[in-house]
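Peer 1: Just the structure for this:
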Amino acid sequence: MRATLIRRTALAASAVSLTLLATACGGGSSDGGDDKGAKDKGGSSAPAADKALTAADLEKVIVAQGDVKGHKVEKVSPELEQQGKATVTKNECQAITDVMSLKPVGEPAGTAKRQVTGEPKKPSVSASTAPEDMEDAMAQALNVNSTVVTLASYEGKGAEEALAALKTAGTACAAGFGATADGEDVKVTKITETPVAGGDEAAGWTVVVNMEGKDIPFYQLAAVRKGSTLATFGGMNLAAMAGKDVKPEPPTAVIEAQVAKLG
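Peer 2: Just a heads-up that it's a prediction; the model follows:
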């Protein structure tokens, strides 16, 4: 069964990408998102490592429209915000599941979120394009990532402990686990490490999820700590979600842009 946390995430991500695709096909440009953030592209540097940031502080340093070339940045949709906290069959897997369900790890003092979606390439189609070729062209056009960025700031060593919990989960849950969100089940079949760099310390993972009997590399997760702030990234490739054979990759451009704004 396709769990609520996956279905809502997929629908919200697809809605953004389809809007961008429609714009691309029309030859226009997309400029929505956080206009104020675009004007203040550089953002503010984060305070000292031992000081937790408030939600207002984090809003000043989270990625904004114009920070990631070729991507649209906007506030997280209500559909994603409404997701409940998932429960897991293995307690040590909770941290990974929290990032999958777009929740902060542990108990941060403040949080901020944005959804960052790559702009699809205009498909090469015409009125004479065969139906099967049209499907392939559209699938390639949707070969983009949609990433939810969550900034969470902690008191004391909270950020270090949150990242340590994610690393523990990535190792202990590598063979998979089960989770339940809003009364529906999801089966993670494998977690593998992926290279991520930046900040004071960083880590990344590919999370393979069984969807309707097929294993799909659904999530590209990453976490980067900068002082007392932990940035987590939950990335999904829309073509992979549709079952296409797409090689998953970490949302490197998004990660680099966010780490730069943290100072």
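Peer 1: where are the low-confidence patches of the stretch 51-200 of the chain?
Peer 2: The model of the stretch 51-200 of the chain has pLDDT under 70 over residues 82-84, 121-142.
Peer 1: Which parts of the protein are strands?
Peer 2: For the chain, applying DSSP state E gives strands covering 71-74, 87-88, 110-118, 145-153, 177-181, 184-193, 201-211, 214-226, 229-237.
Peer 1: Parallel or antiparallel, list what pairs with the fourth one.
Peer 2: Using DSSP bridges, the strands paired with strand 145-153 are strand 110-118 (antiparallel), strand 229-237 (antiparallel).
Peer 1: Which among those strands is found nearest to Gly66?
Peer 2: Of all the strands paired with strand 145-153, it is strand 110-118 that lies closest to Gly66, at 11.5 Å by C-beta to C-beta. Backbone N, C-alpha and C define where each C-beta goes, glycine included.
Peer 1: surely Leu163 meets Ala203?
Peer 2: Yes: Leu163 is within contact range of Ala203, at 6.8 Å (criterion: C-beta atoms under 8 Å).
Peer 1: which one of those two has more residues nearby?
Peer 2: Just comparing Leu163 and Ala203: by other C-beta atoms under 10 Å the higher neighbour count belongs to Leu163, 23 against 19.
Peer 1: show me the contacts for the more buried one.
Peer 2: Counting by C-beta atoms under 8 Å, 6 or more residues apart in numbering, Leu163 touches 105, 201, 203, 223, 225, 230.
Peer 1: Which positions within stretch 256-263 qualify as buried?
Peer 2: 257-259, 261-262 (16 or more other C-beta atoms under 10 Å).
Peer 1: how about the strands of the chain, which one is nearest Glu59?
Peer 2: Nearest to Glu59, of all these, is strand 110-118, at 5.1 Å by C-beta to C-beta.
Peer 1: No further questions, thank you.
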